[in-house]
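Structure for the following, please:
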Amino acid sequence: MGIHESRIEFVYLFDVRNGNPNGDPDAGNMPRLDPETGQGLVTDVCLKRKVRNFIELTRGGEPGYEIYVREKAVLNQQHSRAYEATGIKSESKKLPKGDGAAAVTTWMCRNFFDIRTFGAVMTTDINCGQVRGPVQLTFAESIDAIVPTEVAVTRMAVTTDAEAEKQHGDNRTMGRKYIVPYGLYAARGFISPHLAKQTGFSDADLEAFFQALLLMFDHDRSAARGEMAARKLIVFRHRSPLGEAPAHTLLERVKVHRKEGVSAPRRFDDYTVTITRDGLPDGVEIEERL
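Okay, here's the model as predicted:
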């Protein structure tokens, strides 16, 4: 079944060890967490950023796989390309009338992977309209409460001669960073066949997206993020565009439990992941991608 004929939901599990998966700039870059439960959070924006980076790294030179939201991108320049390619004259902050609006928006979807996947608001001075993306992600939430740990770090080098003289030969300066000793996170995703048809999101795009989820942490290493890894990708695929069951009833079939006797999880093997397959609605298939 193709993406245009099949509704899809999925559960995505990943973990972090001795790293900060998503710092909160409003809290000194402390790992994001739910203040009531203490469970860690990773935003959908953070996950989408990693998908974009992976696609740009691995497929950026291919037609149709440019990335719209990337570092130092000048968005109006990208919008101008759509008008030049379609031969339509742009008016400040206005979409062209008639078929012109659809033409420039379609050009953006066809050329930029992240627009046809996640959507975009392109209503700047050079207006290319708005796109609702077929792929949507929730915040990832840790299975258990996390305990952010503050770690002191030192710097041996200095920046200026004046700083070196002030320290009288002692070049150490102190800094701080936060880590999560271990956290297993779960995010949920939803893919709409109706919106996929509108943006041109294809089966090839779906496979590229799933590949990004499985491999993106291997190409996003840094000391700050510690060890991060994709652990499970469980996909529920419906037979029809409308679907055979409510999404939440399917996603709740995936359960993650800490194993008996484990008080402080420090690895993925400290958890058990189960999928309830009994009574699965007709027309729904479960795919385990990892």
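
which residues of this structure score low on pLDDT?
Low-confidence segments of the chain (pLDDT under 70): 166-173.

the longest helix in it is where?
helix 44-59 (DSSP state H).

Now do the buried residues in it.
Along helix 44-59, these residues count as buried under the neighbour rule (16 or more other Cβ atoms under 10 Å): 46-56, 58-59. For glycine as for every other residue, the C-beta is placed from the backbone atoms N, C-alpha and C.

helices and strands around that helix, which ones?
helix 113-118, strand 135-137, helix 203-215 (3 or more Cβ pairs under 8 Å, 6 or more residues apart in numbering; DSSP states H and E).

Please report the distance of the residue nearest to the spatial centre of the chain from Lys97.
For the chain, Leu47 is the residue whose C-alpha lies nearest the centre (Cα atoms, centre = their mean; 2.0 Å). Leu47 sits 38 Å away from Lys97, going by Cβ to Cβ, to the nearest Å.

For burial, what's the neighbour tally of Ala152?
8 (other Cβ atoms under 10 Å).

Please verify my assumption that it contacts Met174.
Yes - applying Cβ atoms under 8 Å, one finds Ala152 in contact with Met174, separated by 6.2 Å.

buried sites along stretch 96-114?
96, 100-101, 103-109, 111-114.

Nearest to Asn18 among these?
Distance to Asn18 across those (Cβ to Cβ) is lowest for Asp114, with 30.3 Å.

Against Pro241, how distant is that closest one?
23 Å.

Can you list the strands that the longest strand seen in the chain pairs with?
If each strand of the chain is counted by residues according to DSSP state E, the longest one is strand 173-191. Strand 173-191 sits in its sheet next to strand 8-19 (antiparallel), strand 135-137 (antiparallel), strand 140-145 (antiparallel), strand 149-155 (antiparallel), going by DSSP bridges.

how about the helix or strand that the last one is followed by: buried residues?
Towards the C-terminus, the helix or strand next in line after strand 149-155, according to DSSP states H and E, is helix 161-166. By neighbour count on 16+ other Cβ under 10 Å, the buried set for helix 161-166 is empty.
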